[in-house]
Structures are given as C-alpha cells and as structure tokens.
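Novice: predicted model and sequence below, questions to follow.
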2 protein chains.
Amino acid sequence: MEDQHIKRKLAAILAADVAGYSRLMSHDEEGTLRRLKEHIGDLAEPRIAAHQGRIVKRTGDGLLVDFASAVEAVRCALAIQSGMADRNRTAPESGRIEFRIGINLGDVIIEGEDIYGDGVNVAARLESIAEPGAIFVSRAVRDSVRDKLEVVLEDLGERPVKNIARPVRVFRIGRAEGAGPGSMPVASRGGGQWPICATH
Amino acid sequence: MEDQHIKRKLAAILAADVAGYSRLMSHDEEGTLRRLKEHIGDLAEPRIAAHQGRIVKRTGDGLLVDFASAVEAVRCALAIQSGMADRNRTAPESGRIEFRIGINLGDVIIEGEDIYGDGVNVAARLESIAEPGAIFVSRAVRDSVRDKLEVVLEDLGERPVKNIARPVRVFRIGRAEGAGPGSMPVASRGGGQWPICATH
C-alpha cells in the first residue's frame, strides 16, 4: 500500500568543486593535483568531520557531502571558504585554487551509502552557478540558518535549474562583518530557544 | 571557537492533539480517556512506527513526534486523519474524537531524547490553529512534499506566531481526490529521480 521500500531523510547537501579546474590542470597538471589533494586533506576533510558531515561522493575536483543539519553545513562551508582564502593569500597567483560551493536542503532518498533526488540535483546546480570562492544556498537553507548564524544573505532571485520543474530561489551567503571565524550563533529573535510544547 | 557542544539535526516535527479535549472530558471523562487511549494505541502509534517516527513527548491529549523525513511525516499524518475519520463514522456523535495536526521542518537542537528550538514551536503553533481533523504545515514542508505525494495544498497565507519573530506561511494539506489510502508518490516532474552529480 505504501512505498516502504524507499527510505527517505531530510539532509543538507553540500556540493563543492574547483572553479576553472580544466584551465588549472592544463596549466600545471601535477602541481594542481598536489595542491588540490592538500586542500582537501588538510582543510576540507577535517572541517567536514568537525561539522558531522559525511562525504557521499568524490569527483575529480569535487565533493558531495551529506549533513544532518543545515546550520552545520553552512558553518562548514564558511570555514572551508575562509580557510581557502587564507591559503591563497600566501600562494603564487598561478597556484591559487578556489572552490565553488552550493548547499540545498531536501527530503532525499537513501540507498545504502548513496543519496538521490531533486534535493541533490539542486545542490549541484547551486554549486555550478556560484562564483569562485562563493557559497550559494537555496531558500530552505536560508530559512534554516538566518536566525541562528551571523551571516549576510544576498537574495539573487529565482533561477531556472535544468531538469527541475520549478525555478530555485538562490541566496549568496557569507560571514557577517565582525563575526568570528566560527560564525558564532546569535540569540534567536524569538527570545532564545524554547522548550518543546512550552505552553501546551 | 564553535558551538560543538550543541548538536543539531534537520527534522520534520509533527504535533498532534485532541480538538475540544476539555469539553469532551467534562462530558465523559472515563469514556474520553478510554477512547483516546485506543485511538493512540491502535491507530496513531502503529502509523508512527510504520513511517519511522519517534515519539518525543506525550501530553495528556497529544503527541510530539520526530521524523527523519517530511514525506514520511505527511504520509503518517494523512493515515492518522483518514483512520480517525473511519473510526468516527461508526462512533456515536458524543464519542467522536478529532485530532488537529501541525507539521514543521526545522534545524532543531537535540539533547538526549529531547528536541528544542523554533522548529518545534512552529509545529505546535501550526497544530493549535488547525481545524479538527485537519493537517496544517509550513512552507518548508509544502516544498518538501508537493512533487512527491498526491496531495492537495491550500495556501492559507502568513500567520503571526507567538514568540516567533517572523510570520509563518501556513498550508492546509489533504489527500488528493482519487489518491489511494497510502498517498502514492507521483513521478517527479523533473523526469524521475536523478542520480547524484549525474551531469558532473
């Protein structure tokens, strides 16, 4: 009677890849591969682990990561982009690598270690339209984090997304001026966190 | 540097309670309690288990349930409301019990077995404004299920919610005419489910 064989879960999906990867590779294949491996091993993976993310898939120049929390996914993305900016400051211009990151929130289908569905596709599309060094998120992610993190959100309007029927409302997210490296949470505007059924 | 001691997760939160509970109790205390116990034990709990929900809290006349998937939370709510309608058809008018149900999706804080945060409060508020027998959901839930279930969604507009800074966009959700009892999923409008990074 119901599709009990399909297992679903809510997930914040982070897609990241290297901007201009083919150009970098054509310019310095071995150097680019070595640097990318260092950035992923020394920066991205420890940050992903610290924010309880799970790497679902690795591509040549990118990652697809599954987070249980949108807040943790955004914190992780901010930490990676800020870490990459630091690393690039001391690198020769020709050796600079920049990531594009997209984050979406969706009710995805789980099959073993894999996740599927529109929610995953939208994350990949957000990443593909993000500028180098930027983080693009969907409205669902924006709504989940805006009162919980000191971030600046810029509404980029609706964008058509290939293979997705509805346009996706896109936001660029960045650390607020003066916010610490850990993007400290601010007090909820509702007056703090409320216990469940406080007034029931 | 970061609030690693706070654990978060995305959850679909279902709040349910009995409409007019005080009135029912004042009219027939023992009968109401007995019937409510039957409805919860024979109908609600098995449906919640079938949809992988976890009962977080029980109140005198209600439940707070945590689901990993918004699709499963809505399926569960539809099954409970449809089961209650069936049961009420054969019950004497004075013995009819109706549930109000609210479902929200949020990035909640977990502490042991409990969940906290605005996401939980909004679910409770959605339930408190729902009509007897109805299911009210937030926009995030609407967005997560509308292409995945055969449901009718009615936009009730924005409603102010006590202790929550922003008004909440409220939708009434029901089974589509002709849809089976299990609210079978329809094909995704994007042309089915896509594998991760299909075009990467």
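Specialist: That came through, no problem. All values derive from a computational prediction rather than experimental measurement.
Novice: quick one: the helices in chain A?
Specialist: With helices called from DSSP state H, chain A shows them at A:21-27, A:29-38, A:45-50, A:70-89, A:118-129, A:139-145.
Novice: tell me which residues of the longest one come out buried.
Specialist: Counting neighbours by 16 or more other Cβ atoms under 10 Å in any protein chain shown, one finds that the buried residues in helix A:70-89 are A:70-84, A:87-88. For every residue, glycine as well, the C-beta is placed using N, CA and C.
Novice: of those, which ones also sit close to chain B?
Specialist: The subset of these within reach of chain B, counting by Cβ under 8 Å from any Cβ of the partner chain, consists of A:Ala70, A:Val71, A:Glu72, A:Arg75.
Novice: in those, find the pair that's most separated.
Specialist: Spanning the widest gap among these are A:Ala70 and A:Arg75, at 9.7 Å by Cβ to Cβ.
Novice: what's across from A:Leu10 in the sheet?
Specialist: A:Asp107 (DSSP bridges).
Novice: and it, what does it touch?
Specialist: Applying Cβ atoms under 8 Å, 6 or more residues apart in numbering or on different chains, we find A:Leu10 in contact with A:Leu105, A:Gly106, A:Asp107, A:Val108, B:Leu10, B:Ala11, B:Ala12, B:Ala68, B:Ser69, B:Ala70, B:Leu105, B:Ser144.
Novice: hmm, 10 Å instead?
Specialist: A:Leu10 is in contact with A:68-70, A:105-108, A:119, A:140, B:9-12, B:67-73, B:105-107, B:140, B:144, counting by Cβ atoms under 10 Å, 6 or more residues apart in numbering or on different chains.
Novice: gap between A:Val56 and chain B?
Specialist: Per Cβ to the nearest Cβ, to the nearest Å, A:Val56 is found 7 Å from chain B.
Novice: for A:Asn163, same thing?
Specialist: Counting by Cβ to the nearest Cβ, the gap from A:Asn163 to chain B is 5 Å.
Novice: isn't that residue right up against A:Asp118?
Specialist: Yes: if you go by Cβ atoms under 10 Å, A:Asn163 and A:Asp118 touch, sitting 8.4 Å apart.
Novice: more neighbours: the two, which one.
Specialist: More neighbours surround A:Asp118 than the other of A:Asn163 and A:Asp118, with 27 against 16 (other Cβ atoms under 10 Å in any protein chain shown).
Novice: what's the separation between the more buried one and A:Asn104?
Specialist: Distance, A:Asp118 to A:Asn104, by Cβ to Cβ, to the nearest Å: 9 Å.
Novice: run through chain A and note the low-pLDDT ranges.
Specialist: For chain A, the stretches flagged by pLDDT under 70 are A:1-4, A:178-200.
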